[in-house]
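S.K.: Sequence first, then the predicted structure, then my questions.
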Amino acid sequence: MKIIVTGGAGFIGGNFVHYMINKYPDYKIICLDKLTYAGNLETLEPVMDNKGFRFVKGDIADRDFVYKLFEDEKPDMVVNFAAESHVDRSITDPGIFLQTNVIGTGVLLDACRIYGIKRYHQVSTDEVYGDLPLDRPDLFFTETTPLHTSSPYSASKASADLLVLAYHRTFKLPVTISRCSNNYGPYHFPEKLIPLMIANCLNDKPLPVYGKGENVRDWLYVEDHCRAIDMIIHDGREGEVYNIGGHNERTNLQVVETIIDALGKSRDLIQYVTDRPGHDMRYAIDPTKIHDELGWEPTTRFDDGIKKTIDWYLNNKPWWEKIISGEYQNYYEKMYAGR
Ligand code: NAD
Ligand code: TDX
């Protein structure tokens, strides 16, 4: 089995590459990644010399390049993680989100159509469903919840999902889509809530909580997400969407306080800052379909996963310290100045 994993130098894609190489030593895994600010070859260092692994630097939206790669490699499957993934960046600069998340997906789908594929899997997000109100804890997103996006990021991801489903209906392309809740774990880029708070806490820097910190996210340990995708690409039904989530809902404030307490720091580090425009209130996934059809369920509870994650950041300081000392520092100052 030969699989092209796009975006494999990023957070979830990187974890997925590690997971697949460990679980299927006979597979060939080709990572295609543009190495944007979020891509980091150090994430792939542990697998780089593996004989079944190949890294290719390139842009999923570069048609000639992608076609050439398909011609050379003739993959059996594509798992598309490559994306611009940060909501805040999509508010300051939406264009690149359309280019990578929509056009890039379209190019991959065309390549699959032209060269043939056993399975194209699109890694999507629960954000395509919009948000749920805080006072209705009984409501959850199912696969039939209408798409109702809030940010340029989620709109670009929803557009890509529609394109994937259209290629299934029109060209009979064997596709699947997964829509996952917020992930956390090793190799998470420190612009996202959990790694940002861990890094700032360790450096005794203020912890910028948007609004009142009451927004709710449904946290899933990244390895549980990787296992779900593995099940879907092997046993999921073509043309289907699968929601992936862990019933691990927490307010942002609860998450930040958990990190502060685990690191023995003061809650005075919390600094309430101007809210994100269009900020989604609550995400919550109903994972019944993937549980009933494929037997998937999350195995890591938030309380255990957050401890493992904090330990990883404590034990892998060079990985994230390099990131926050470089180009990211300029981004950080621009995003949080005067907020
Ligand atoms: P990330 O930002 O950490 O990684 C994205 C990777 O894609 C990087 O390695 C980057 O270099 C690469 N990339 C970006 N543009 C590219 C292009 N044009 N061509 C090739 N490579 C390109 O993202 P992540 O958090 O790992 O998310 C991965 C996927 O999962 C995304 O599609 C995202 O929408 C989805 N998702 C993420 C979460 C989450 O909580 N992080 C939850 C649900 C879904
Ligand atoms: O400094 C911060 N302060 C803060 O309060 C940051 C970076 C975030 N937040 C809040 C905003 C959100 O309510 O924390 C919550 C989580 O924020 P992010 O880590 O930016 O994630 P989110 O916007 O929920 O989106 C994530 O989950 C769905 C991923 O980044 C997406 O790629 C994925 O699709």
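M.R.: That came through, no problem. Ligands and ions are numbered 1, 2, ... in the order given.
S.K.: is ligand 2 contacted by stretch 112-128?
M.R.: Yes. Among the residues of stretch 112-128, Thr125, Glu127 lie within reach of ligand 2 under Cβ under 6 Å from any ligand atom. Quick note: C-beta positions are derived from backbone N, CA and C, even for glycine.
S.K.: Span of that stretch from start to end?
M.R.: With Cα to Cα, to the nearest Å as the measure, the ends of stretch 112-128 fall 24 Å from one another.
S.K.: so where's the chain uncertain?
M.R.: Low-confidence regions of the chain, defined by pLDDT under 70, are absent; no residue qualifies.
S.K.: If you count residues, where's the longest helix of it?
M.R.: Taking residue count as the measure and DSSP state H as the definition, the longest helix of the chain comes out as helix 152-171.
S.K.: list the buried ones in that one?
M.R.: Within helix 152-171, the residues that count as buried by 16 or more other Cβ atoms under 10 Å are 152-161, 163-165, 167-168.
S.K.: and which of the residues you listed is nearest ligand 1?
M.R.: For ligand 1, the closest of the buried residues of helix 152-171 turns out to be Lys157, at 5.5 Å, with distances computed as Cβ to the nearest ligand atom.
S.K.: got the residues of the stretch 51-200 of the chain near ligand 1?
M.R.: With the criterion set to Cβ under 6 Å from any ligand atom, the stretch 51-200 of the chain comes near ligand 1 through 59-61, 81-85, 100, 104, 123, 125, 157, 180, 182-183, 189.
S.K.: let's see 8 Å
M.R.: When proximity is defined as Cβ under 8 Å from any ligand atom, the stretch 51-200 of the chain approaches ligand 1 at 58-62, 80-86, 96, 99-101, 104, 123-127, 153, 157, 179-184, 187-189, 192.
S.K.: In ChimeraX, how would I select the buried members of those residues?
M.R.: One line in ChimeraX is enough to select the buried members of those, burial here meaning 16+ other Cβ under 10 Å:
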select :58,59,60,61,80,81,82,83,84,85,86,100,101,104,123,124,125,126,127,153,157,179,180,181,182,183,184,187,188,189,192
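S.K.: Cross the residues of the stretch 51-200 of the chain next to ligand 1 against strands and list the overlap.
M.R.: Among these, the members falling in strands (DSSP state E) are Asn80, Val123, Ser124, Thr125, Arg179, Cys180, Asn183, Tyr184.
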